[in-house]
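# got a structure for you, letters missing:
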DNA sequence: TAGGGTAGGAACCAAAAGTGTAGTACGCAC
DNA sequence: GTGCGTACTACACTTTTGGTTCCTACCCTA
């Protein structure tokens, strides 16, 4: 029983066409979801605050992404039913566990971002001559 | 110095508009990159084999994504300069380290996929009444 | 000599994603 | 009573993404 693939492959073969994880990858791969998860975990809970904090997100995408996260059970929407409206978004246990699973990824980004930028510059140099 | 945010937040504040990690998130968030990273790590190295393996990817997206990964220094393209063409794609050290950073994410997907599906069903139930 | 495999490039088109603007309905401060 | 803030929704619009199809150029097999 030799190991011909790296350790991190695990049992997640599922990434073929019918793979269930496609849905998850779609969810987290939509540019805003991870950011939102991050800032909500940082303690920003309200619509307006999230929008100001993230910078670049439109109200539409904010609402849409929050709904998607809520629908997947990653954040909880608490509507205080007041007027003017007061709504807060909090991570669920599931959302927090996903956050934990993403720790190494954020760490990698912090550590290796420079390497990626350098690689891109080198690549551009090789191909733009 | 109290901790008011979860451990996994780290120092990655960067996810604001000007944040460098946006580029990385864009890269890995494009539906095919992670899959490609995964199957290359599993030992599938050639264009045709990758296309057959992943199922659902078009030649265009395959090439495009491979170029993006190559440009970012995550995979290496080895062209054997033969005819008919023979090209192999391998992970670089950087690509392999990203793979390792993604281990917990794949693990989370495996563990929690059912929970997400259940949450979605519940949400749909609540909102489709 | 026709067809399949090798690894792509280019052009075109459809679909999806995302943006901006406007409007709802009300409270509060000036 | 004017305008800002709260949390949205709806519509039209543009941009991006991805898919399809056709093309190169050569090898091997039947």
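Structure received. All values reported here derive from a predicted model rather than from experimental measurement. Numbering: from 1, shown residues only, chains lettered A, B, ... in the order given.
# what's the residue closest to the geometric middle of chain A?
Nearest to the centroid of the C-alpha atoms of chain A, with distances taken as CA atoms, centre = their mean, sits residue A:34, at 1.7 Å.
# From residue B:126, how far off is that residue?
Applying CB to CB, to the nearest Å, one obtains 25 Å for the distance of residue A:34 from residue B:126. Glycine gets a C-beta too; all of them are placed from N, C-alpha and C.
# and residue A:72, what does it touch?
Neighbouring residues of residue A:72 by CB atoms under 8 Å, 6 or more residues apart in numbering or on different chains: A:27, B:116, B:119, B:120, B:123.
# hang on, isn't the last one packed against residue A:76?
Right, residue B:123. No - contact status for residue B:123 versus residue A:76: not in contact, 11.0 Å apart, counting by CB atoms under 8 Å.
# pretty sure the residue nearest to the centre of chain A belongs to a helix, no?
Yes - assessed by DSSP: H, G, I helix; E, B strand; the rest coil, residue A:34 belongs to a helix.
# State whether it and residue A:27 are indeed in contact, as I suppose.
No - under the criterion of CB under 8 Å, residue A:34 is not in contact with residue A:27, lying 9.6 Å apart.
# Does the helix or strand of chain A with the lowest mean pLDDT reach chain B?
Comparing helices and strands within chain A by mean pLDDT, DSSP states H and E singles out helix A:21-28 as the least confident, with a mean of 80. Yes - if you take CB under 8 Å from any CB of the partner chain as the test, helix A:21-28 does meet chain B, through A:21, A:23, A:24, A:25, A:26, A:28.
# Which one (most neighbours) among those residues?
Per-residue neighbour counts (other CB atoms under 10 Å in any protein chain shown) across the residues of helix A:21-28 next to chain B peak at residue A:28, which has 25 neighbours.
# residues contacting that residue?
With contacts taken as CB under 8 Å, 6+ apart, residue A:28 has the following neighbours: A:34, A:98, B:29, B:105.
# now check whichever strand or helix holds residue A:112, is it near chain B?
Secondary structure assigned from DSSP states H and E places residue A:112 in helix A:93-128. Yes - Helix A:93-128 comes into contact with chain B when judged by CB under 8 Å from any CB, the residues involved being A:94, A:96-110, A:112-113, A:115-120, A:122-124.
# Mind checking which of these are buried?
Among the residues of helix A:93-128 next to chain B, those buried by neighbour count (16 or more other CB atoms under 10 Å in any protein chain shown) are A:94, A:96-99, A:101-106, A:108-110, A:112-113, A:115-116, A:119-120, A:123.
# Residue A:66 and residue A:90 touch, don't they?
No - contact criterion CB under 8 Å: residue A:66 and residue A:90 do not qualify, at 11.3 Å.
# Give the intersection of the neighbour lists for those two.
With contacts taken as CB under 8 Å, 6+ apart, residue A:66 and residue A:90 have residue A:75 as neighbours in common.
# Show me the shaky parts of chain A.
In the predicted model, chain A carries pLDDT under 70 at residues A:1-4, A:9-20, A:129.
# For chain A, which residues are neighbours of DNA strand C?
Remark: the part of chain A in contact with DNA strand C comprises A:30, A:31, A:32, A:56, A:57, A:58, A:59, A:60, A:61, A:83, A:84, A:85, using CB under 7 Å from any atom of the strand.
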